[in-house]
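Participant: Just need the structure, nothing else, for what follows:
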Amino acid sequence: MNFSIKSVSSFHNEEAVQIFTAAFISDPLHIFAFPEEIERERITKLVYELVVLSILPEMNLKMHGAFVDDKLAGALIYTTPESNHNWSDKLDFAVNEMRRKANNERIKFIGEYAMTSGKYRPEVPHFYLNELAVNPEMQGRGIGTKLMLSVEPECLKHPTAKGTALDTTNIRNVNLYKRLGYEVVQEFEFYELTGYSMFKSI
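Facilitator: Have a look, this model is predicted:
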């Protein structure tokens, strides 16, 4: 098995959307927001089309991909201290279009969670791991771990960044991230879910 991690070009955007969709239909936040499985898959795909095709380029985020035999098996979207944090009219339009296609009032929970979790991000300059997903057929092979670790050399070289941060509502992920050196800096309630804001000093 030939394995490599590298930046993902727009050529692989559709594959990335498929991987994020397949991975996040079993995420506690998406299960809470969209209890019915078929609807959850449909809307999760719309959410990640927005993230990959609009938010990532407009806000100058980065995406690493894990390639197995030249096929995308996992993806990580992350924010650097230099990423554009200003929301634009173009993104407003993209979000409204996504909501129109979703036609489901429970889509509001995804935006609410992003706003809530954002309150607990570290105040020091850092790299933020926004979205991490591995093709369910390829999980359990350490791909997610390798993707997370792939950001750390860039963080180490950065003149101001103090570490990497993330959040999750999946308690199974918390234990994995702790093994990688992350600490829970804040637990927060989001409706019936518990969110965990985590940080790793680099």
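Participant: How about residues contacting the host helix or strand of L149?
Facilitator: Following DSSP states H and E, one finds L149 within helix 143-150. By Cβ atoms under 8 Å, 6 or more residues apart in numbering, the residues outside helix 143-150 that reach it are 3, 5, 64, 66, 68, 73-76, 129, 132, 134, 164, 176-177, 180. Placement of C-beta: from N, CA and C, glycine included.
Participant: right, and the pair among the residues you listed with maximum separation?
Facilitator: Largest separation among these by Cβ to Cβ: V68 and T164, giving 23.8 Å.
Participant: Just want to know which of those two has more residues nearby.
Facilitator: T164 (25 against 16; other Cβ atoms under 10 Å).
Participant: Tell me if I am right that that one is in a strand.
Facilitator: Yes: membership of T164 in a strand is supported by DSSP: H, G, I helix; E, B strand; the rest coil.
Participant: Residues in a beta bridge with it, which ones?
Facilitator: As for beta bridges, T164 partners with F127, K200 under DSSP bridges.
Participant: just to revisit the earlier point, among the contacts of helix 143-150, name the buried ones.
Facilitator: Neighbour counting by 16 or more other Cβ atoms under 10 Å classes 5, 64, 66, 68, 73-76, 129, 132, 134, 164, 177 among the contacts of helix 143-150 as buried.
Participant: which one of the residues you listed is nearest F11?
Facilitator: Distance to F11 across the buried ones among the contacts of helix 143-150 (Cβ to Cβ) is lowest for A75, with 13.1 Å.
Participant: one step back: in strands only, show me the contacts of helix 143-150.
Facilitator: 3, 5, 64, 66, 68, 73-76, 129, 132, 134, 164 (DSSP state E).
Participant: Output those in a markdown table, with distance to F93 and pLDDT appended to each entry.
Facilitator: Shown next, in a markdown table, are the ones in strands among the contacts of helix 143-150 (distance: Cβ to Cβ, whole Å; pLDDT from 0 to 100):
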| residue | distance to F93 | pLDDT |
| --- | --- | --- |
| F3 | 38 | 85 |
| I5 | 33 | 94 |
| H64 | 28 | 97 |
| A66 | 32 | 95 |
| V68 | 36 | 90 |
| A73 | 32 | 95 |
| G74 | 30 | 97 |
| A75 | 25 | 97 |
| L76 | 26 | 98 |
| L129 | 27 | 98 |
| L132 | 27 | 97 |
| V134 | 31 | 96 |
| T164 | 31 | 98 |
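Participant: contacting residues for the closest residue to K45 other than its chain neighbours?
Facilitator: Leaving aside its sequence neighbours, K45 sits nearest to T21 (Cβ to Cβ, 6 or more residues apart in numbering; 4.5 Å). Shown in contact with T21 (Cβ under 8 Å, 6+ apart): E41, T44, K45, Y48.
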